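sequence plus predicted model, see below.
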Amino acid sequence: MSAIPIRRPPALDRVGAGRKILAVLGLATGVAIVIFAVLTRRFLTWDNIKAIFSSASLVGIMALGLTFITLVGSLVSLAVAPVAVVCAMAFLSALGLGLVPALAIAMALGAVINAGQGALIGAWNVNAVILTIGAGFLIDGFAQTVHGGKIILPAGGGYATLNSTPLGVPVAVYVMVGLAIAFQLVLKRTVLGRQILLVGSNRRAARAAGLPIGRITTAAFALAGASIGLGGAFLGAFNTGASTYLEGTLTFDAIAAVLVGGTAITGGRGSILRTLGGALAIAAISDVLLLRGLATGAQILFKGVLVVAVVVLTQVRLSGRDT
Amino acid sequence: MSAVVPRLDLEAISKRFGAVEAVREVSLSIEPGEIRGLCGHNGAGKSTVINIIAGLIAPDDGQVRIDGQAVELRSPRDAQRHGIAWVDQELSLVDTLSIAENVMLGGIDARLLRRRRAERTMTRDLLAKVGLERHDPGELLSGLSLGERQLVEIARALGRGARVLILDEPTATLTDVEIERVFAAIRRVAADGCSVLFVSHRLGEVLALCDAVTVMRDGRIVDDHPVAELSADALVTAMLGEQLELAPHSRRDEIGETVLRVRGLSVGTLVNDFSHDFRSGHVYGIAGQVGAGAAEVLRALAGLMPDATGDVRLHGRPLDLRHPVRVKRQGIGFVTNDRKAEGLFLGRPVGENLTVAQLGRVSRRGVLSARLERDCAEMLAAAAGVDAGRLGQPVGLLSGGNQQKALVGRYLQTADVSVLLVDEPTRGVDIGGRAVIHRLLREAAEAGLAVIFATSDLDELLELAMTAITMRSGRVVGVYPDEVSRQVLLSDLTHLSERHGAGPIEAVR
């Protein structure tokens, strides 16, 4: 009985094969999109790239902070838009005090509102999705009651600074890039960032190791709140007014940026810079579709397909690694 | 060519993972009805061999034959079709279904699911084969003990027409009585012609059960002998490649002051009025069967049992048992018995797992110092015996023994920890790793910690504990600061053999 040795490429394990196929698929899709984009007229122009960055900036600023919530293992906040609008209102109303105090108030308000939600989620292990839906309604209702359906108008002129374009680039773009770097440093270089990743990676282990889960979750939510507050200030400035009508699809746009960036929805894996990439990728694709003359409906459809594809790819990739 | 065609025949199987050669030219043949033991260090290549046989991993090279037929096992389903059944450490049964439903679960013949009566009759036959004839197929699985569940799992394998049964550490969570039942079932199954591959760290069990033993080391087979020609010493030598000192520790005379004073600790119905003084420089072992309360004492002291009550003082200061964060901050380190679910951050690097309890030491005002952290991780790795070259890898890639070292390592070399609680220090750890973990804990005590461990393994209690405490049904039975015989301990732990009132032993997850 002679054995015929069989030889197979080493990567053809069950998991390895699946991952390889996915990697090839992902790469192929990426290449196809890039080719498609480059072949689109006017895509590779300085003006268009600026346009992509500036259209990514508002959602991008909020998504950067939202990443912390995903990383700490609390999925996402579904109250991004209501918090942003309330902060926009606070910002515009406080402009009489000057631009910097108004910005500080908007960020502080966002941080506090979110920290409250984070404290409940962290301390009692409440489901973040459910709690933030509730909080969203609460904040929304509060905002509508307070302003009585009127649009809040700026109480000072400082907002114009936020709309300016030094060196031809909107301030929001500088802020987005700066914030991305700052948050990335917080994530990678501080004890808090490390703790956020550890809690998100394994909550039970974090508890057994004596990590203060409640405080860490609260801090992650507060960071998200500050960035949503900052984004809210820009939102109010762009629109020179704020009301709950501004909410639109903000919440889901921000979530999409986090997920398309490839941060694991289950927590513990991902980064802030990935979210920056996600926000820019979405903006770039919308831009291509726009340049190609596709309708808004098609753009939204494409965004949906992209989010689903990336989320599935990310989860499959990560589940293959957890052996 | 031998007269009997081997049931399972591996010929020159090799498998690489990147630069690591997991198994190299492994040849192994098992005859019909043979019980074969497979032993080896963690990382010796046992898991890879099992995964190849079970169709989870494709070998790079070599040939698998079943009953003389060359087969390609591309998936678990392929393996199942060829009569290979794998009973994993973690059982894959459903609590809320009946025994019969569990036995038929995932079976190939789906039509059977609709034929309840046939299903029951068939289950009854299978249960008889594994010694569960006194159970009704309609009984809910949740009423069975862990050992009985193991038997159901074996019955299921038989129901799928298993010709080769792989048992991976089947006894790790069982009591002695249950182990005997499982062994009896295995012997019966083998007598019916099914071949069994028995993987275990417990050499005594391997010698008692198997016909022959195959020993792996560094991805190769180093020894392959009928059990009659083997002794435990010879096995250990083959596994480690050198004579390992299994020296029982010396009981130390110098004992430090009382660090942790426990009075009247109770946890619901699980622990009843536990009291003891724990001193620094000493290793305490609390032994009990699963559910006896030993593990729960440790969990309560770690602040992980919200309903714990009692007067516990650390260095004379009251310990607030409701807060794991405060307990940890006051100087108590806890190592869980469930490394993967509650111990390690599997996806994070080894280095981060080592420094998690000492983040304050590697940072300045909340900012991590890459240099301090690297130094700290390297020091802890050295102290725990973890390869410093792997600090950047996800800890989930390490073998069980190395994972355990990394887990214990986080509480070493720091003045912040004065009591170290270790639940089942060497669960799922091979004999070499076990010696290292035991040495680590002893050294930790020598460095001034009070080390308290819980175990259901008598050998471990005898090897490691300087003071042994036995528990049963939540109460302390005996405290032995000096030499104590195995017989005394065993009778302490198992006196409840008549089982008055005690329900089935629940799995502790």
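Arrived safely, thanks for sending. Treat the numbers as computed from the prediction; the structure is a model and nothing was measured.

what residue is smack in the middle of chain B?
B:Gly428 (2.9 Å; C-alpha atoms, centre = their mean).

so where does residue 186 fall, helix or strand?
Just going to use chain A. Assessed by DSSP states H and E, A:Val186 sits inside helix A:171-189.

my question was about chain B, not that one.
With DSSP H and E as the criterion, the answer for B:Ile186 is helix B:176-191.

could you list the buried residues of that helix?
B:Glu178, B:Ile179, B:Arg181, B:Val182, B:Phe183, B:Ala185, B:Ile186, B:Val189, B:Ala190 (16 or more other C-beta atoms under 10 Å in any protein chain shown). Where you see a C-beta, it was placed from the backbone N, CA and C, and this is true even at glycine.

repeat that for stretch A:266-284.
Going by neighbour count (16+ other C-beta under 10 Å), the buried part of stretch A:266-284 is A:266-284.

low-confidence regions, the chain specifically.
Just so you know, I chose chain A. The model of chain A has pLDDT under 70 over residues A:1-20, A:22-23, A:315-323.

think we crossed wires, I meant chain B
Short version for chain B, where the test is pLDDT under 70: B:1-3, B:19, B:42-43, B:89-91, B:106-116, B:240-255, B:487, B:494-509.

still on that earlier bit, I'd like the next helix or strand past the helix holding B:Ile186.
Using DSSP H and E, the helix or strand that follows helix B:176-191 in sequence is strand B:195-199.

would you list the strands that that following strand pairs with, along with their directions?
strand B:35-40 (parallel), strand B:164-168 (parallel) (DSSP bridges).

any chance of a markdown table for those, columns mean neighbour count?
What follows is the strands paired with strand B:195-199, written out as a markdown table (neighbours: other C-beta atoms under 10 Å in any protein chain shown):
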| stretch | mean neighbour count |
| --- | --- |
| strand B:35-40 | 26 |
| strand B:164-168 | 23 |
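
make TSV out of the ones you listed and add distance to B:Gly448.
Output for the strands paired with strand B:195-199, formatted as TSV (distance: least, C-beta to C-beta, whole Å):
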stretch	distance to B:Gly448
strand B:35-40	36
strand B:164-168	39
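
which helix or which strand is home to the residue in the stretch 151-300 of chain B that chain A sits nearest to?
Proximity of the stretch 151-300 of chain B to chain A (C-beta to the nearest C-beta) peaks at B:Arg299, 8.9 Å away. In this assignment (DSSP H and E), B:Arg299 forms part of helix B:294-301.

about what we covered before: CA atoms of the helix holding B:Ile186 as CSV?
C-alpha atoms of helix B:176-191 as CSV (Å, rounded to 0.1, in the frame of the first residue of the first chain):
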residue,chain,number,x,y,z
ASP,B,176,-13.6,10.6,40.6
VAL,B,177,-16.8,8.6,40.6
GLU,B,178,-17.9,10.1,37.4
ILE,B,179,-14.5,9.4,35.8
GLU,B,180,-14.9,5.7,36.5
ARG,B,181,-18.3,5.7,34.8
VAL,B,182,-16.9,7.5,31.8
PHE,B,183,-14.0,5.0,31.6
ALA,B,184,-16.4,2.1,31.9
ALA,B,185,-18.3,3.5,28.9
ILE,B,186,-15.2,4.0,26.9
ARG,B,187,-14.1,0.4,27.5
ARG,B,188,-17.5,-0.9,26.5
VAL,B,189,-17.4,1.2,23.3
ALA,B,190,-14.0,-0.1,22.5
ALA,B,191,-15.1,-3.6,23.1
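
which of the buried residues of stretch A:266-284 come close to chain B?
For chain B, the contacts drawn from the buried residues of stretch A:266-284 by C-beta under 8 Å from any C-beta of the partner chain are A:Gly268, A:Arg269.

residues contacting B:Asn51?
By C-beta atoms under 8 Å, 6 or more residues apart in numbering or on different chains, B:Asn51 lies in contact with B:Ile57.

gap between it and B:Asp224?
Distance of B:Asn51 to B:Asp224, computed by C-beta to C-beta, to the nearest Å: 20 Å.

got it, and B:Asp60?
Counting by C-beta to C-beta - B:Asp60 and B:Asp224 are separated by 22 Å.

just B:Ala157 next, same as before
Counting by C-beta to C-beta, the gap from B:Ala157 to B:Asp224 is 25 Å.

cool, and B:Lys405?
30 Å.

host element of the residue in chain B that chain A sits nearest to?
Here the residue of chain B nearest chain A is B:Lys328; by C-beta to the nearest C-beta that distance is 2.4 Å. Element membership of B:Lys328 [criterion: DSSP H and E] is helix B:324-330.

restricting to C-alpha, output that helix in PDB.
Output of helix B:324-330 as PDB, limited to C-alpha atoms (Å, rounded to 0.1, in the frame of the first residue of the first chain):
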ATOM      1  CA  PRO B 324     -14.000  44.200  42.500                       C
ATOM      2  CA  VAL B 325     -12.400  47.500  41.800                       C
ATOM      3  CA  ARG B 326     -11.800  48.400  45.400                       C
ATOM      4  CA  VAL B 327     -10.800  44.900  46.400                       C
ATOM      5  CA  LYS B 328      -8.200  45.000  43.600                       C
ATOM      6  CA  ARG B 329      -7.000  48.400  44.700                       C
ATOM      7  CA  GLN B 330      -6.600  47.300  48.300                       C
END
